[in-house]
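**Q** just the structure for this:
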Amino acid sequence: MYEVVLLRHGETLGYDGDHGLTPRGEEQARARGKALAAEIAPGARVLMPHARTSRATATAVTLRAALVAEGVDESQLGALYAEPHFDNLRFSLEGEVVDTSVAVAARLALPEGHDDDWVREYDRFDSDYRDVAAAGGPIEFWVHNPLLYFEPPQLAVLRTWLGVEALGPLLRSEGAALALVCTHSAPMRAFVATTFGEDLGEPENLEPIRVRVDDGAARVDYRDRTITTRIPQLPAWIDRGWLDRYGR
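**A** Have a look, this model is predicted:
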């Protein structure tokens, strides 16, 4: 049995680019590290993968430092490493798969009057993009509406499950049973919606989803809810090879 704790990154300086954390975001990560440190037994090994954005990386760095400050021996903590399975929401920009923040920056750089297909779709996703891009995109729209250029919510969920499943043998090889994963609200929100059958809204910064896996069965805890399910298998129409290779 092993446990994966998915954590939303801390408050960021903005979503109109690949930005790091605000001082409040760093404090959020330190507070979560303090709480998690109390759960880690002496000598227990912990892995710490994270999404590839600056805000997820900075959250993982601050979280790890907080664990050490709270008495977790540094030798217990594996090195931080980027894991594309836990990446942010993806966007297809002129034939290239990019983090959505790249699409935000590209949209903001365009003068008025552009009506390319991807621009029209982005404007459906974020109709007031010039005002709210710095505060984050409207993920609720993405969760509930089919879009052509954004990664579908179901795919974001399946790759998150692939990441959770892949951690099993990796944790065993390291003699560990816990992974702390700094990731993003979009895949987390979709993960919760598909697991519980209900959209429960945006996860707060550093809010956890706990996934306990035992022989293919998974207990998922989020807020005051718990459900037991199984790790889903990829449907035949999704190319697992591409999904496994993406970002590597």
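
**Q** residue ranges of the strands in the chain, please?
**A** In order along the chain, the chain carries the following strands (DSSP state E): 2-8, 45-50, 77-82, 90-93, 96-99, 176-183, 208-214, 217-222, 225-230.

**Q** let me have those in CSV, extended by distance to Leu21 and mean neighbour count.
**A** Where you see a C-beta, it was placed from the backbone N, CA and C, and this is true even at glycine. Formatted as CSV, the entries for the strands of the chain read as follows, by distance: least, Cβ to Cβ, whole Å; neighbours: other Cβ atoms under 10 Å:
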stretch, distance to Leu21, mean neighbour count
strand 2-8, 12, 23
strand 45-50, 13, 22
strand 77-82, 15, 14
strand 90-93, 22, 20
strand 96-99, 16, 14
strand 176-183, 11, 24
strand 208-214, 17, 19
strand 217-222, 23, 17
strand 225-230, 28, 12
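
**Q** out of those strands, flag the one nearest Asn145.
**A** If you check each of these against Asn145 by Cβ to Cβ, strand 90-93 wins as the nearest, at 14.7 Å.

**Q** counting by contacts, list what that closest one packs against.
**A** With contacts taken as 3 or more Cβ pairs under 8 Å, 6 or more residues apart in numbering; DSSP states H and E, strand 90-93 sits against strand 96-99, helix 100-109, helix 117-125.

**Q** now the second one against helix 117-125, angle please.
**A** Inter-element angle recorded for helix 100-109 and helix 117-125: 100 degrees (by axes from the mean of the first three to the mean of the last three Cα atoms, to 10 degrees).

**Q** what lies in contact with helix 100-109?
**A** Contacts to helix 100-109, defined as Cβ atoms under 8 Å, 6 or more residues apart in numbering, come from residues 15-18, 53, 88-91, 93, 118-119, 122-123, 126, 129-130, 133, 137, 149-150, 186.
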